[in-house]
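A.B. asks: Provide a 3D model corresponding to the input given below.
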Amino acid sequence: MKSNIKKFFSNFEEIFASLFLCATTLIVIANVFLRYFFKSPVSWSEEVATGCFVWGVFLGAAACYKRKLHVSVDFLIKYIPDNGKKAFKFVINFILFLINAYIIYMAVKYVKVSYRKPTAVLGISSVTISSSILVSFILMTIYSVRFMIQDLKMNTVQLEQEEAFTTNAKSRLSGTRSIEAVTEEDK
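C.D. replies: Below you'll find the predicted structure:
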């Protein structure tokens, strides 16, 4: 039970994006069927399908960001020395954090304006659709922070590993063997 809850929360963007895109597809197919075979389309279907599609797209974008599946250009990183790649990745993640935070600021302004604007057919507040932008970029900003923390931890862990390797190499040169060296040679 606990693992199912953990799976849900680690994949909730994908789950909800899939549900919204499935709903979009089903609503559009049902409306086409009703229009052509019964000559009676549903008036609200286009508006609901559009709202579901927008939510599906923005949650899908957040899911792709979380999994680092967005298109990136890595030709610059090939020319950076190995010791500078870690810092470069951190700087890139920090820039993405700033961009996402700015888009959150703009999305808040947009949601405030769209709160007063009703949708054309259903007459509900447009915030039901426009808040998808805000939710999506809040998630992306959270993931940007997580990526920066991972970059910092990775640097610390790699430095510790390099230090352990250096200590192990020095002890081999001096003729003594460390515990790690003995266990590795025994394998």
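A.B. asks: And the nearest residue to Met148 once chain neighbours are set aside, how close does it get to Val71?
C.D. replies: Of all residues beyond its chain neighbours, the one nearest Met148 is Asn93 (4.8 Å), with distances taken as C-beta to C-beta, 6 or more residues apart in numbering. Where you see a C-beta, it was placed from the backbone N, CA and C, and this is true even at glycine. Counting by C-beta to C-beta, to the nearest Å, the gap from Asn93 to Val71 is 16 Å.
A.B. asks: who's more crowded, those two?
C.D. replies: Looking at Asn93 and Val71 with other C-beta atoms under 10 Å, you find the greater number of neighbours at Asn93, namely 20 against 5.
A.B. asks: quick one: what helix or strand has the more buried one in it?
C.D. replies: helix 82-115 (DSSP states H and E).
A.B. asks: So which elements touch that helix?
C.D. replies: Where contact means 3 or more C-beta pairs under 8 Å, 6 or more residues apart in numbering; DSSP states H and E, helix 82-115 is packed against helix 127-173.
A.B. asks: one step back: what residues of the helix holding Asn93 count as buried?
C.D. replies: 86, 89-90, 92-93, 96-97, 100, 103-104, 107, 110-111, 114 (16 or more other C-beta atoms under 10 Å).
A.B. asks: Stretch 55-68 now?
C.D. replies: Trp55, Gly56, Val57, Phe58, Leu59, Gly60, Ala61, Ala62, Ala63, Cys64, Tyr65, Lys66.
A.B. asks: Adding pLDDT, distance to Ser131 and secondary structure, write those out as TSV.
C.D. replies: As requested, the buried residues of stretch 55-68 are exported to TSV (pLDDT from 0 to 100; distance: C-beta to C-beta, whole Å; DSSP: H, G, I helix; E, B strand; the rest coil):
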residue	pLDDT	distance to Ser131	secondary structure
Trp55	98	9	helix
Gly56	98	14	helix
Val57	98	14	helix
Phe58	98	9	helix
Leu59	97	12	helix
Gly60	97	16	helix
Ala61	96	15	helix
Ala62	97	13	helix
Ala63	96	17	helix
Cys64	94	20	helix
Tyr65	95	18	helix
Lys66	94	19	helix
